[in-house]
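Colleague: sharing a model prediction with you, sequence too.
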Protein chains: 4
Amino acid sequence: MIQDRIAQHNQEQQHHLPFFQATASMLTAKGVDINNIISKLQQLQIAIPSWALGTGGTRFGRFAGGGEPRNLEEKIEDVGLIRSLSGATNSISLHIPWDIPTDITAVQQQLQQHGLLIDSVNSNTFQDQAGQKHSYKFGSLCHTQDAVRQQAVEHNIEVIEHGKQLNSKVLTVWLADGSNFPGQHHFRKAYQRTLDSLQKIYQALPADWTMLVEYKPYEPNFYSMIIPDWGTSKSLCDSLGSQAKVLVDLGHHLPNTNIEQIVARLMHFNALGGFHFNGSMYGDDDLSTGSIKPFQLFLIFNELVDAAQDEQLTAQTIAYMIDASHNTKDPVADLLQSLENISIAYAKALLVDRKRLHAAQQTNDVVTAEQILQCAFLTDVRSIVAEARHRNGYAINPLQCFTANGFREERIKTRGANATATGL
Amino acid sequence: MIQDRIAQHNQEQQHHLPFFQATASMLTAKGVDINNIISKLQQLQIAIPSWALGTGGTRFGRFAGGGEPRNLEEKIEDVGLIRSLSGATNSISLHIPWDIPTDITAVQQQLQQHGLLIDSVNSNTFQDQAGQKHSYKFGSLCHTQDAVRQQAVEHNIEVIEHGKQLNSKVLTVWLADGSNFPGQHHFRKAYQRTLDSLQKIYQALPADWTMLVEYKPYEPNFYSMIIPDWGTSKSLCDSLGSQAKVLVDLGHHLPNTNIEQIVARLMHFNALGGFHFNGSMYGDDDLSTGSIKPFQLFLIFNELVDAAQDEQLTAQTIAYMIDASHNTKDPVADLLQSLENISIAYAKALLVDRKRLHAAQQTNDVVTAEQILQCAFLTDVRSIVAEARHRNGYAINPLQCFTANGFREERIKTRGANATATGL
Amino acid sequence: MIQDRIAQHNQEQQHHLPFFQATASMLTAKGVDINNIISKLQQLQIAIPSWALGTGGTRFGRFAGGGEPRNLEEKIEDVGLIRSLSGATNSISLHIPWDIPTDITAVQQQLQQHGLLIDSVNSNTFQDQAGQKHSYKFGSLCHTQDAVRQQAVEHNIEVIEHGKQLNSKVLTVWLADGSNFPGQHHFRKAYQRTLDSLQKIYQALPADWTMLVEYKPYEPNFYSMIIPDWGTSKSLCDSLGSQAKVLVDLGHHLPNTNIEQIVARLMHFNALGGFHFNGSMYGDDDLSTGSIKPFQLFLIFNELVDAAQDEQLTAQTIAYMIDASHNTKDPVADLLQSLENISIAYAKALLVDRKRLHAAQQTNDVVTAEQILQCAFLTDVRSIVAEARHRNGYAINPLQCFTANGFREERIKTRGANATATGL
Amino acid sequence: MIQDRIAQHNQEQQHHLPFFQATASMLTAKGVDINNIISKLQQLQIAIPSWALGTGGTRFGRFAGGGEPRNLEEKIEDVGLIRSLSGATNSISLHIPWDIPTDITAVQQQLQQHGLLIDSVNSNTFQDQAGQKHSYKFGSLCHTQDAVRQQAVEHNIEVIEHGKQLNSKVLTVWLADGSNFPGQHHFRKAYQRTLDSLQKIYQALPADWTMLVEYKPYEPNFYSMIIPDWGTSKSLCDSLGSQAKVLVDLGHHLPNTNIEQIVARLMHFNALGGFHFNGSMYGDDDLSTGSIKPFQLFLIFNELVDAAQDEQLTAQTIAYMIDASHNTKDPVADLLQSLENISIAYAKALLVDRKRLHAAQQTNDVVTAEQILQCAFLTDVRSIVAEARHRNGYAINPLQCFTANGFREERIKTRGANATATGL
């Protein structure tokens, strides 16, 4: 039983309690309400995408690990394990057609058993599937031919239908559409065709659903992308209606972009719908979240927390998901690291003395404003994050618990050393 | 008399006629209506900003040339010379307070004498002027204090008043407002304050004026800028009203930005109001237009021409201006080079076989679409641009005419070797 | 017969002669020795890599075209076609193990028949081949384990052996080795291990061979690459010996890098060994050469020509190769465009009035120096490049000749609509 | 007396002792030798440049604060204050000609009184000084004219002479030399002239001095810089001799550069001579060190510590200096923040369990290697850094001590509200 192993693991974490108590007493001395922070951490939920459970790869090659999930059931099993260990996720995002369930009832039962929900459903019009009538080589929702656009629209509507059956409420649309060479696209017409297609999908969207429109400046097209930046995403959402929101993927920005400001802007416009978390040094590198720019991750959460606590702002539901590729690490270990780093960034953002910060901002006391953020960022919150987990019944140190208990080795035994995740 | 010198210069350009005829006959053989292109080139007008007539400099130093204009009158004199030589400019942009006229009537007469208009008027809230009540150290239109914002709003309204007297119809607002450190700004509040301030200025805008809202990702603030990208500019314009439009400065983008697509997007939204032309390799380098990325300049003009010829699109008035700094070259020579490069890019864009291009785009014939653009770009249009000038009575080779005739040396004699342009 | 079709094509190019004559007479009027330029253009040779003859793809998918070569023989056939059409290539680069010949004599005969040589041989330690003993997941020449490094060394030596049989004289080493996460690599040790491995390969290099050491800042590793920049490449070459030279791939640079200066530096050090040509807007985009930054391509050739004409500099043999991926265009069409753009850049660089340029540089006459380069760049040299080809017996317009003659359709017939190039 | 105020401040820091004890006990429980770390922190010394004590500015304007130092004596006074507060600096870097001492003996006495040394002396050939014979507009050490180069060489030799008088041992050469336009420079000749000039300076270098050669990719020249990257710096140093070393300025890199790898490479080559610390988001932003990318700063120190503890590596003396500009903050506050952030990064780097790290690297246990670095980075070391200061007799919280004690207000009283630092 996983629960037994976790209990055993937790008993062995002798450092945890004294470290948590030492940290808590320091923060309490500074006036921090530690239980309030723990309570909020206990509620943080980040979705895991089905495609992040196997080894990804680059165009230059793929070095698979062993014991990877071979089907939707095994993907759910892995997310279930992650949930059991860390508690920071309670949902899985599906990718259609990679994850079309064959037995809906069985899937629903399995999800329930693991305490999991279906988060968003994601359409795929960036690849051609076997037997597909029209190719997406030259675009999907933006394609010049009606028939291709129609096929892509219908695929998205079909994705919604699959989502309905599993009680999802979010359709995520990421378009690889774009051009590789000057002249290939008529920019204005291509935009208009994309909007027209999205409107058809939007009309099929149930009233309690959200459509997330993702942007990306380059890759897999290297001259132009149909939705390269948040401004384009937002303009499309404005035309579609209030159920359409912008999705921010941390790796989808040009060099040096101030992402936290974009996040603040979108929340100011009530236009932010979701996040794809990952780590990035150059582009869409899809590394573990927080592995390269932990301070940026903190500053992003600082905006999220600030907005969440702003009573003048309309409450916004923002879907959190990890979207990364795993080329060198064990996928589950990588995801556990990402969840940890996200939790840490969130905990630090909760520590910000927001009242003093606002006052310093108001009086242009730049040094003090910066110090307030630095003070939160420099605090070691690991034991607080661990305590929040512990109180919820999860592992104090999920990564260590995963590694030490040989979960991967068990999977290699049952799934084989050369298992390949569907779709990748 | 300048006219005599130009006439003399034109007589000496023995290569011009045969080169033009050879070029014209090649293009005619390909079905190009050469006179139509010349006619359009004859109408191209790019404004010259008053601050581009002297040596700029970097924060590391300034290496002034001699004979620079010392006041508004001498700036107008220099723009008049540029007009006489190239004909590609008929207006000057003023910067307030650097260019406040002391004698309106005299300035108007001087302008008329040179065939010049006042293009846009530009406010300056990025520096503190001597005797200014409140400092802009921590922002102007976005400042936390009402009094500072009010001062900046009033300055902008005063700029409009100066513009009215000189028959300008455009107010350009570039905000240096931003923050250098995380925590310094409350992003959402700062945006709202900026919008509120702009609305006050907008209310003072005469009904036949346009307000241009410029964006810039960094410098002089290096963590965040209040208007970092076109999405923010457009959102502000959307809130302000139909007289507010986005201004695109070629140097104000993050690395690798596809600027021509932004231009197309803005025209699709009927939101593009103007351009600041310059050359850039790294950031806001303010080099001569077309000196670094001539193909990009061509692709931008390709979008402008495509939109101008699109009957389904609302006709849009787009203000063209050069905005560059001159650290190594003679400012007038630099501006003549920029005007030439802009004219060349425009001529090439006019050469694009747009009907075939649209057909290739429609059928996803990527190679053909690209070849059509390449064919236009590779054509040597210098003699066509020169012929357009010649037919209008200007110099066949303005740069050579300027250099060979010793215009700068004359200015050094009258203005001195250490003259400094006001404001810089 | 291809030759008949080319002859037929050339007869139909009615514009060519008058356009060439018009261009030649303009250039002659300016003092250009047109035959000298044509003569140099006739000697330009760019190698084609075997892997560029099929559709590449991105990590997001691959949209294959039809009629792609299925084996080494068909790759040679395609390069032979390119040679017949454009004459700008006389060699093919092989990739081991993708292109290991089964019948050396047959391959030699086929090469001879097409007038082709083997250019460089390229090792592959960035993928695991079926049955390979040790994985390169964590590196090859830099690996921490002796056995893995030894396997990678032996592979390179084997590649040299294959090259010897086909009379190649160049080994190109591109290392994907690097790390995705901070801490993964010990930077100093990893460098030293790489150098040690390279030294073992270098010892196996025949005395008349060159070893090219390529650099790349990121991808497929996204935190660090073992050879990220020219400085590292050169330091390795310095340690290896005079047969090791730096290879510059145009797409392997951080944003905004001044590549032409790197080229000049390397030639100054007598350290430049070769080029991989391609087009790039963001990173290693692998687009057609010259499709995005034609001015940069010209400036690079300007340095190459300047160095070649510099009598004080040791003559350097520089290997030119195209290295691109074809995701949207027909590979042969794409390669023909690249060859054309390279030839155009070279022709323009030959047009530079180098004597006047050096004089202007010497006197810091910046405007004149820039104008001299601009004058060459703005000249329409297409008919000169075509004439050079024509005189050599190749097609005046290779791309048009390829498309109009249905060469691809013939290949689809013989090779099938779903042919896949080996190795990709 | 400053010492009294510091003592008073230290008495008031009631949180310090319990926080330090809590932190120390957690680290001790993990096996860390806390006193060893404190001992190393007590020895960390970062030089302060004379030009960082006043408000800098951008090319768009300058918003001076009050009480800035007006001469060398007042600059020394401010560095003395910083030393008294934080103890993390014991030296000042001079900029010639801005800081030429008029009374050497008096300066020496003042330095001694404050416990300060002279760190490096810095030449300035990026500006023209009043009365200077030749202008550096077109370069200094790379200039085409012998006389200009000679003047720049002599200036550098004069700087060495000034340094000798004050017992400096380091000459730092940063060259703004470069070009703004293609064609302006002959790259190869310009490099050779620069090397020739540097060799003349090198010959005048005393045997116990080091010459630091700095690199920068752009600004104030925006097409090419004569020393754009570490590869060029190192090649120059290789030609000069073993007393020439590369200087790394954190803000002098293209977007996304992996600086820590460069640091490791240079130390592997025994070629790293010094650091200029500052914070950067876009380019040479000159923000407070550690304000934007604290994790990168940690990773850089991780390399420095790793090399320092590597017994197989030749011991290297690396000069540390802050080089930043202060546009929004009080310069002393900014410098105190930078010193704190550098100390924190160093302390965290000292915490790295290097033995386990090396083992994980050796076995390609990527997750563990990363976790070891993360574990050090996430530790809150503020109280350890404070304790190191405290034991040395400095302020527990230098920034708070500076602000609360009204040191700036006192300076405004004595120096005036509009004081301007010499040279800026």
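Modeller: Perfect, I can see it now. Since this is a predicted model, take the numbers as computed values, not measurements. Numbers count the residues shown, from 1 in each chain, chains lettered A, B, ... in the order given.
Colleague: number of nearby residues for A:R5?
Modeller: Neighbour count of A:R5, defined by other Cβ atoms under 10 Å in any protein chain shown: 18. Yep, even glycine has a C-beta here, placed from its N, CA and C like the rest.
Colleague: which bits of the stretch 301-424 of chain A sit near chain D?
Modeller: Contacts of the stretch 301-424 of chain A with chain D, taken as Cβ under 8 Å from any Cβ of the partner chain, map to A:328-330, A:333-334, A:337, A:344, A:366-367, A:370-371, A:377-380, A:382, A:399, A:403.
Colleague: the strand or helix carrying A:H390 packs against which elements?
Modeller: For A:H390, the host element (DSSP states H and E) is helix A:382-391. Contacts defined by 3 or more Cβ pairs under 8 Å, 6 or more residues apart in numbering or on different chains; DSSP states H and E place helix A:382-391 against helix A:16-29, helix A:34-43, helix A:331-351.
Colleague: export the shortest one as PDB, just CAs?
Modeller: Spelled out, that is helix A:34-43. C-alpha atoms of helix A:34-43 as PDB (Å, rounded to 0.1, in the frame of the first residue of the first chain):
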ATOM      1  CA  ILE A  34       1.800  30.500   9.700                       C
ATOM      2  CA  ASN A  35      -1.400  28.500   9.900                       C
ATOM      3  CA  ASN A  36      -3.100  30.700   7.400                       C
ATOM      4  CA  ILE A  37      -0.200  30.100   5.000                       C
ATOM      5  CA  ILE A  38      -0.300  26.400   5.500                       C
ATOM      6  CA  SER A  39      -4.100  26.400   5.000                       C
ATOM      7  CA  LYS A  40      -3.600  28.100   1.600                       C
ATOM      8  CA  LEU A  41      -0.800  25.700   0.600                       C
ATOM      9  CA  GLN A  42      -3.100  22.800   1.400                       C
ATOM     10  CA  GLN A  43      -5.500  24.000  -1.300                       C
END
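Colleague: end-to-end on stretch A:253-273?
Modeller: Counting by Cα to Cα, to the nearest Å, you get 17 Å between the two ends of stretch A:253-273.
Colleague: just the buried positions in it, please.
Modeller: A:253-269, A:271-273 (16 or more other Cβ atoms under 10 Å in any protein chain shown).
Colleague: just the ones of those in helices?
Modeller: Under the assignment DSSP state H, the buried residues of stretch A:253-273 contribute A:259-268 to helices.
Colleague: for the residues you listed, which one is nearest chain C?
Modeller: Chain C has its nearest neighbour among those in A:I259, at 17.2 Å by Cβ to the nearest Cβ.
Colleague: confidence score at the closest one?
Modeller: Predicted confidence (pLDDT) for A:I259: 98.
Colleague: neighbours around A:Q110, how many?
Modeller: Neighbours of A:Q110 (other Cβ under 10 Å): 17.
Colleague: distance of it relative to chain C?
Modeller: For A:Q110, the distance to chain C equals 29 Å [Cβ to the nearest Cβ, to the nearest Å].
Colleague: check which residues of the helix holding A:H390 are buried.
Modeller: Neighbour counts over helix A:382-391 (16+ other Cβ under 10 Å) mark A:382-390 as buried.
Colleague: which other residues reach it?
Modeller: For helix A:382-391, contacts defined as Cβ atoms under 8 Å, 6 or more residues apart in numbering or on different chains pick out A:10, A:13, A:16, A:19-20, A:22-24, A:27, A:34, A:37-39, A:41-42, A:86-88, A:340, A:343-344, A:347, A:395-398, D:378.
Colleague: and the buried ones among those residues, selectable in PyMOL?
Modeller: Applying 16+ other Cβ under 10 Å to the contacts of helix A:382-391 leaves a buried subset, and the PyMOL line that selects it is:
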select buried, (chain A and resi 10+13+16+19+20+22+23+24+27+34+37+38+41+42+86+87+88+340+343+344+347+395+396+397+398) or (chain D and resi 378)
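Colleague: any part of stretch A:286-304 near chain B?
Modeller: Yes. Against chain B, stretch A:286-304 shows contacts by Cβ under 8 Å from any Cβ at A:295, A:299, A:303.
Colleague: okay, and which of the residues you listed map to helices?
Modeller: A:295, A:299, A:303.
Colleague: and the first one, how many neighbours?
Modeller: The number of residues packed near A:F295 is 23, by other Cβ under 10 Å.
Colleague: isn't it up against D:L297?
Modeller: No. Counting by Cβ atoms under 8 Å, A:F295 does not reach D:L297; the two are 10.0 Å apart.
Colleague: how about the stretch 101-250 of chain A: which residue is closest to chain D?
Modeller: For the stretch 101-250 of chain A, Cβ to the nearest Cβ, closest residue to chain D: A:P217, 13.4 Å.
Colleague: list the contacts for that residue?
Modeller: Going by Cβ under 8 Å, 6+ apart, A:P217 touches A:225, A:228-229, A:252-254, B:256-258, C:282.
Colleague: at 10 Å what do you get?
Modeller: A:178, A:224-225, A:227-229, A:252-255, A:257, A:283-284, B:254, B:256-258, C:282 (Cβ atoms under 10 Å, 6 or more residues apart in numbering or on different chains).
Colleague: give me the phi and psi for it.
Modeller: phi -80, psi -30 (degrees, to the nearest 10).
Colleague: do you know how far it is from B:H268?
Modeller: 18 Å (Cβ to Cβ, to the nearest Å).
Colleague: which bits of the stretch 101-250 of chain A sit near chain B?
Modeller: A:137-139, A:143-145, A:148, A:178-192, A:195, A:215, A:217-218, A:223-226, A:228-235, A:238, A:246 (Cβ under 10 Å from any Cβ of the partner chain).
Colleague: so what's the residue count around A:K413?
Modeller: 12.
Colleague: mind listing what the closest residue to A:I104 other than its chain neighbours touches?
Modeller: Leaving aside its sequence neighbours, A:I104 sits nearest to A:Q165 (Cβ to Cβ, 6 or more residues apart in numbering or on different chains; 5.2 Å). By Cβ under 10 Å, 6+ apart, A:Q165 lies in contact with A:101, A:104-105, A:107-108, A:118, A:121.
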